[in-house]
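Visitor: structure for the following, please:
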Amino acid sequence: MRTAVLHRVGGYRADLPHAADLEMWMRAATVSDVGFVGGADQAYYRIHQNNMHHSDFEIILTDVAQRLRVFDTICAERSSLLTDANSMRSAAHRALAREALGHAISAYARGVADWEPIDDYAAFALNAWPDAQRLGEWRELCRVRNMTDRRLQCDPSLIAREAVRNLRWALRWRRRRWVGVD
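Guide: Numbering: from 1, shown residues only. Next up is the predicted model:
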């Protein structure tokens with residue numbers, strides 16, 4: 001990022017440890033073009049004991065909630081610089097509600113629902129997107145909540161859903177590693 005852009009938008013926000021990079025790049029995108037440049041190294045990563053990946057964060061829900069805060073912050077503070085801030089905010093809320101519900105469903109598929117905060121995922125989804133109960137993920141979560149462990153293990157739609165989810169994550173990881181972006 002150009003120094004002038006960084007000075008214009010401000011620095012890293014430590015109050016968003018899970019999503020500060022996203023928030024800073026989104027701020028930059030409101031005042032400048034942002035894109036991927038292939039080829040030569042564009043940045044260097046300094047490894048030290050205080051790197052974020054050394055931190056042990058509680059759960060995935062914290063990450064999803066901070067990304068929601070990022071969209072709310074950007075849409076509120078920079079709405080005059082965005083084409084349709086309300087539409088962007090609404091789309092982000094719906095997508096993150098779906099993601100939270102997807103994590104809850106995945107917990108059932110992986111047999112770890114007793115250890116995951118399923119009710120918190122559902123509450124987050126409703127808070128983020130009040131119409132969350134109309135989403136397919138909500139209906140799927142309700143369906144799997146009423147199943148026994150034995151039925152969960154052999155449910156074809158749940159097995160297929162988790163396989164697709166794992167494939168998507170693997171492809172995203174490979175793409176990020178290959179080109180640097182999702």
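Visitor: and the residue nearest to the spatial centre of the chain, what helix or strand is that in?
Guide: Centroid-nearest residue in the chain: V64, 4.9 Å away (criterion: Cα atoms, centre = their mean). Secondary-structure assignment from DSSP states H and E places V64 in helix 60-77.
Visitor: re earlier: just checking, the residue nearest to the centre of the chain touches L101?
Guide: No: counting by Cβ atoms under 8 Å, V64 does not reach L101; the two are 10.4 Å apart. Placement of C-beta: from N, CA and C, glycine included.
Visitor: what pLDDT does the residue located most distally from the centre of the chain get?
Guide: Farthest-out residue of the chain from its mean C-alpha position, per Cα atoms, centre = their mean: R150, at 30.4 Å. Listed pLDDT for R150 reads 82.
Visitor: wait, what's in contact with it?
Guide: Contacts for R150 were tallied using Cβ atoms under 8 Å, 6 or more residues apart in numbering; there are none.
Visitor: and the next helix or strand past the helix or strand hosting it?
Guide: Assigned by DSSP H and E, R150 falls within helix 149-153. Sequence order places helix 156-179 as the next helix or strand after helix 149-153, per DSSP H and E.
Visitor: tell me how far the lowest-mean-pLDDT helix or strand in the chain is from the chain's mean position?
Guide: Sorting the helices and strands of the chain by mean pLDDT, DSSP states H and E puts helix 149-153 at the bottom, at a mean of 83. With Cα atoms, centre = their mean, to the nearest Å as the basis, helix 149-153 stands 28 Å off its chain's centre.
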